[in-house]
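In: I'd like to go over a predicted model; first the sequence, then the structure.
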Amino acid sequence: MTTTTLAALVPLLPFLGAAAGLLLGRTAPGFVRPLAVLPTLTSLVLAALVAVRQGGGAAVDAATELTPTGSVPIELSLHIDGFAALVAVLVGLVASCVQIYSTGYLREDPRYPSYAALVSLFTSAMFLVVYSGDLIVLLVGWEVMGICSYFLVGHYWETPEARAASIKAFLVTKLGDVPFLIGLFALATQAGSFEITKVLGAVAHGGLDHPTLIALLLLAGVAGKSAQFPLHTWLPDAMAGPTPVSALIHAATMVAAGVYFVARLLPVFEASQAAMAVLAVMAAVTMAGSGLAALAQDDIKRVLAYSTIGQLGYMTGALAVGDRGAAVFHLLSHGAFKALLFLAAGVIIHAAGTNSLAAMSRMSHLRDRVPDAFWTMTVALLALAAIPPFSGFFSKESVLGAAEHVTTGHTEHAPAVAGWVVLVSGLFTALLTAAYATRLWLLAFRGRGPEAPDHGRQPLPMTVVLWVLAVPSLALGGLAYRTLPDWFDGGALAPTLTTSVLGTGLALAGALVLYGAWRHTTATARVPLGAVAAHPEADAGQVEAEAIATHAPAYGDIASAPDPADPGRLLLGPLHRHAAAGFHLDAVYRALFVRPVQAGASLVRFLDREVVDTYVRGAGTLPRWLGTAVRRAQTGNVQTYVSALLAGTVVLAVAALLVATGA
């Protein structure tokens, strides 16, 4: 079987699995789990075979015209280089782990068939984005992921929090997709093709007349899809969905699509120094702001959500300094340990049985109750904090090393100021990342919240998946930084001495300062924050669904009442309240966009009712009055009719006489 055929089967199999799962979900429920797991696992194997055959060598290209357009052609094409081959393996690995994990996590969920089918469709769409060699076909996968995220985030649609989160995720990402679509058409028009290789060829020969405008339009879509400032606000609220969905969105699909898109079309952005500077500033603000916000959250999933935003900032920072190898390296590393963090968080939610979804201030004595989650999450947090020799250290240092290289002078691809912006913000974020990772570990596993009843051991599929993902979280970085350059552009990914010392030193400092603050706060009496709602017989999905349903305030306000003994509150001081609310960016959007739109809608409704309807009602008033008069004349009395006839005759005779006399 040729490499092209194998690659075509990779996105096709999960799609067929999704279709079959939806058709057989009610009539043959016993087939739902095999149809969810087996096609995705097969796609993982095929993606690995494609990667082995591609081997980091020349790109595999194949194309066939979909339909004649008379203008710019649209083709069903594949373009598989080293980046695409490895990212597809990551997508298959994480999606397979999520599907296996979900068989235990949502084993009693009545909507599991539709959930599993949507996860498979989500996976298929991301495979399409990764392998596609045509921008229109890529756009199809891009938008299918958007609608899948809408349904999956709103899986617990009975709760207003899940409904609001799904709508917000859809609208914010669509807000970025509108300029993104315009940018794609402008790019293809100037390049004369939607085919990615031809677009890049046109860029190399100076074929773009307005590279800055096109790049900025495309960046709007990337900011929405990859949750970068200022379109990142949807991602923390999306935690209202099931935890395995969060793992899929954050690790291998949706948010990774934006970074991958920029990496694939990086020469388009490099054609504009202004666009690269904007990308650097966007990355810097995203990294620093999300780190501060994560340090103030009480919900474990929101901490991880802001963590994802910050790590995506590292990736966009690497792209801003022209090093897509470092960006995709961190994408691969982050995908493994972030999926592990979310899936381990699902185990913790089940064990804690909290009634505020996953409030860390209410967790207690979980280390001994969930040893698998404890050890694997510890590995993932060390990777997140970029402590050597865990994978996150090598990938994060490749980003900082690339930024340091650019600071030495104005390079061909990025201005020196972009390097300084990314480097300084990246080092500051390293401090914050280690701090909030340490805080999460301490509050989750050494917390003193109210004790929850023991739910017993977790289902075996959930536990096995954690250990599978722990392997790349621990070993991927050390093995990959030597071999990945051959798969990418050949640039060095090895850590540099200066950034390694600075980054690791700041990370250790952040962890130690947080630990000291935690020791200080433990001396303060702790006030119980409420009783837990735990059901030993419930599965993890039921616990999470009940947690969302029983939480009184809006999901986004969980962090508004954190534990007074929280070390994050002590370190942030007056900034804590603002950081916990995401620096009030949602309030800014409500003031700038939501309220004006609502006011405009109210004005239109007033004009429609009081002005337009008035004219319509007025046009019908006179005929209605005439009809009323005529109706009253129809009495049914023959004598009245004869009298009226005689009176009319007399009137006509008199009128005729007057006319004749006048003549």
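Out: Yep, it's here. Numbering: from 1, shown residues only.

In: Any idea how far the helix or strand residue 654 falls within is from the middle of the chain?
Out: Here residue 654 sits within helix 638-662, counting by DSSP states H and E. Computed by Cα atoms, centre = their mean, to the nearest Å, the separation of helix 638-662 from the middle of its chain amounts to 85 Å.

In: Quick check: residue 484 vs residue 332, distance?
Out: From residue 484 over to residue 332 the distance is 8 Å, taken as Cβ to Cβ, to the nearest Å. C-beta: built from backbone N, CA, C; applies to glycine.

In: joint contacts of these two?
Out: Among the neighbours of residue 484, those also in contact with residue 332 (Cβ atoms under 8 Å, 6 or more residues apart in numbering) are residue 86.

In: Name the helix or strand of this structure that has the lowest mean pLDDT.
Out: helix 540-550 (a mean of 67; mean pLDDT, DSSP states H and E).

In: helix or strand right after that helix?
Out: Tracing the chain past helix 540-550, the next element assigned as helix or strand by DSSP H and E is helix 567-572.

In: following that following helix, which helix or strand comes up?
Out: helix 575-580.

In: Rounded mean pLDDT for that following helix, please.
Out: Regarding helix 575-580, the rounded mean pLDDT is 93.

In: Next, the buried residues of it.
Out: Buried residues in helix 575-580, defined by neighbour count with 16 or more other Cβ atoms under 10 Å: 576, 579-580.

In: With respect to residue 322, which of the residues you listed is nearest?
Out: residue 579 (31.6 Å; Cβ to Cβ).

In: can you count the residues close to the nearest residue to that closest one once chain neighbours are set aside?
Out: Closest residue to residue 579 apart from its sequence neighbours, by Cβ to Cβ, 6 or more residues apart in numbering: residue 296 at 3.8 Å. Counted by other Cβ atoms under 10 Å, the residues lying close to residue 296 total 27.

In: where's residue 296 relative to residue 661, distance?
Out: Residue 296 is 101 Å from residue 661, by Cβ to Cβ.

In: same question, residue 512
Out: Residue 512 is 120 Å from residue 661, where distance means Cβ to Cβ.

In: Comparing the two, which shows the higher neighbour count?
Out: Legend: neighbour count by other Cβ under 10 Å for residue 512 and residue 661, higher for residue 512 (13 against 7).

In: What strand or helix carries the more buried one?
Out: Here residue 512 is assigned to helix 497-521, by DSSP H and E.

In: how about residue 468, what does it touch?
Out: By Cβ under 8 Å, 6+ apart, residue 468 lies in contact with residue 97.

In: for residue 102, same thing?
Out: 36, 112, 115-116, 119, 242, 244.

In: now those in CSV, with pLDDT?
Out: Listed next are the contacts of residue 102 as CSV, based on pLDDT from 0 to 100:
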residue, pLDDT
36, 94
112, 93
115, 95
116, 95
119, 96
242, 91
244, 94
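
In: now, which of these lie within helices?
Out: Per DSSP state H, helices hold the following members of these: 36, 112, 115-116, 119, 244.

In: For stretch 207-223, what does the pLDDT average out to?
Out: Per-residue scores along stretch 207-223 average to 93.

In: Tell me which residues of that stretch come out buried.
Out: Within stretch 207-223, judged by 16+ other Cβ under 10 Å, the buried ones are 208, 211-223.

In: next one: stretch 601-613
Out: The neighbour-count check on stretch 601-613 (16+ other Cβ under 10 Å) flags nothing as buried.

In: what does stretch 34-42 give?
Out: Going by neighbour count (16+ other Cβ under 10 Å), the buried part of stretch 34-42 is 35-37, 39-42.

In: and residue 212, what is it in contact with?
Out: By Cβ under 8 Å, 6+ apart, the contact list for residue 212 reads 272, 274-275.

In: Could you say which of those residues is surrounded by the most neighbours?
Out: residue 275 (22 neighbours).

In: how much space between that one and residue 515?
Out: Residue 275 sits 41 Å away from residue 515, going by Cβ to Cβ.

In: coming back round to it: inside helices: which ones of the buried residues of stretch 207-223?
Out: In this view, the buried residues of stretch 207-223 that belong to helices under DSSP H are 211-223.

In: returning to what we had before: so the residue nearest to residue 579 touches residue 580, yeah?
Out: Yes. Counting by Cβ atoms under 8 Å, residue 580 is a contact partner of residue 296 at 4.0 Å.

In: Which helix or which strand is home to residue 76?
Out: Going by DSSP H and E, residue 76 is part of strand 74-80.

In: What is that strand packed up against?
Out: Identification of packing neighbours for strand 74-80 by 3 or more Cβ pairs under 8 Å, 6 or more residues apart in numbering; DSSP states H and E yields helix 3-24, strand 60-67, helix 112-131, helix 135-153.

In: longest helix anywhere in the chain?
Out: Per DSSP H, the chain has its longest helix at helix 160-191.

In: May I see the buried residues of that helix?
Out: 161-162, 164-166, 168-170, 172-173, 175-177, 179-184, 186-188, 190-191.

In: can you list the ones in helices among the buried residues of stretch 207-223 in CSV and add distance to residue 238?
Out: Formatted as CSV, the entries for those read as follows, by distance: Cβ to Cβ, whole Å:
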residue, distance to residue 238
211, 33
212, 32
213, 31
214, 29
215, 27
216, 26
217, 25
218, 23
219, 21
220, 19
221, 18
222, 17
223, 16
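
In: For residue 495, which residues are in contact?
Out: Residue 495 touches 393-394, 397-398, 401, 481, counting by Cβ under 8 Å, 6+ apart.

In: now do 10 Å
Out: Contact analysis of residue 495 by Cβ atoms under 10 Å, 6 or more residues apart in numbering lists 388, 393-398, 400-401, 477, 481, 501, 503-504.

In: now swap in residue 113 and tell me
Out: 21-26, 28-29, 31-33, 35-36.

In: What about these, which one has the most neighbours?
Out: Counting neighbours by other Cβ under 10 Å, the top entry in the contacts of residue 113 is residue 36, with 28 neighbours.

In: number of nearby residues for the closest residue in space to it that isn't next to it in sequence?
Out: For residue 36, ignoring the flanking residues on the chain, the nearest one in space by Cβ to Cβ, 6+ apart is residue 116 at 3.6 Å. Neighbours of residue 116 under the rule other Cβ under 10 Å: 27.

In: so what secondary structure elements neighbour the longest helix of the chain?
Out: Judged by 3 or more Cβ pairs under 10 Å, 6 or more residues apart in numbering; DSSP states H and E, helix 160-191 is in contact with helix 135-153, helix 196-204, helix 211-225, helix 234-237, helix 255-264, helix 266-270, helix 540-550, helix 585-589.

In: centre of the chain versus the shortest one, how much separation?
Out: What that stands for is helix 234-237. With Cα atoms, centre = their mean as the basis, helix 234-237 stands 7 Å off its chain's centre.

In: what helices or strands is that helix leaning on?
Out: helix 135-153, helix 160-191, helix 243-251, helix 273-296, helix 300-320, helix 585-589.

In: cool, the last one as well?
Out: Helices and strands touching helix 585-589, by 3+ Cβ pairs under 10 Å, 6+ apart, are helix 160-191, helix 234-237.
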